[in-house]
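Student: okay, predicted coordinates and the sequence, questions at the end:
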Amino acid sequence: GAGVSQSPRYKVAKRGQDVALRCDPISGHVSLFWYQQALGQGPEFLTYFQNEAQLDKSGLPSDRFFAERPEGSVSTLKIQRTQQEDSAVYLCASSLASAGAEQYFGPGTRLTVT
Amino acid sequence: DAKTTQPPSMDCAEGRAANLPCNHSTISGNEYVYWYRQIHSQGPQYIIHGLKNNETNEMASLIITEDRKSSTLILPHATLRDTAVYYCIVRVATNSGYALNFGKGTSLLVTP
């Protein structure tokens, strides 16, 4: 079946621009996670949704980062007034339930801020 | 939160077993050990997880020591496609969710 998809796969933004990154999780998956992966590092947790509820946003690095999942399926990660330090791969993952379920990752969106 | 320690890199000859170690000496009694891998330019992929018993699936085996302070992921017959970064993760609970704390992992190179 279809896996987690993300779009766009690559995004170049000029410093100060706003960007929106989309994640389509696997159908029926309750949980959705966003991670940020800097070059040469492991992914780092940003935020977590259970259905449409954002239950944890402790990993968001600043108030320029905002995520939503209004209907409990597709999610959007928005970054306002992008900075060079925002350059990274943004990964989305979904899982069938919140507890104990393996996470399925999308291919990521590579954001480059110039 | 329990942390993990892995060697930064390892080599393995194609067809041989790859044994990837992980130390997690501060693991709590109800925390699971998860292994994921990330092939270049792809998202991470789940491999296997366990609590205290050894586990095996079609991809790998997971051996957890009796005191649970360390574990080993075994790829029984490594292929070139197994070249990837392997992450040993102790599951962390965050407000009803289970975010994964990846760390830096072990970069495994399988050579012909």
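Tutor: Sure thing, it's come through.

Student: any weak-confidence spans in chain A?
Tutor: A:1, A:98-101 (pLDDT under 70).

Student: where along the chain do the strands fall?
Tutor: Because you didn't say which chain, this covers chain A. For chain A, the strands defined by DSSP state E cover A:5-7, A:10-13, A:19-24, A:31-37, A:44-50, A:53-56, A:65-68, A:75-79, A:88-95, A:104-105, A:109-113.

Student: think we crossed wires, I meant chain B
Tutor: Remark: strands assigned in chain B by DSSP E are B:9-13, B:18-23, B:33-38, B:45-50, B:55-56, B:61-64, B:70-75, B:84-90, B:106-111.

Student: just send those back as TSV, with mean neighbour count, mean pLDDT and distance to A:Leu46 too.
Tutor: (C-beta placed from N, C-alpha, C; glycine too.) Shown next, in TSV, are these (neighbours: other Cβ atoms under 10 Å in any protein chain shown; pLDDT from 0 to 100; distance: least, Cβ to Cβ, whole Å):
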stretch	mean neighbour count	mean pLDDT	distance to A:Leu46
strand B:9-13	14	97	27
strand B:18-23	19	98	24
strand B:33-38	24	95	17
strand B:45-50	18	94	19
strand B:55-56	15	96	29
strand B:61-64	19	97	28
strand B:70-75	20	97	26
strand B:84-90	23	96	16
strand B:106-111	17	98	24
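
Student: out of those, nearest to chain A?
Tutor: strand B:45-50 (4.0 Å; Cβ to the nearest Cβ).

Student: tell me what the closest one is packed against?
Tutor: In terms of contacts (3 or more Cβ pairs under 8 Å, 6 or more residues apart in numbering or on different chains; DSSP states H and E), strand B:45-50 is packed against strand B:33-38, strand B:55-56, strand B:61-64, strand B:70-75.
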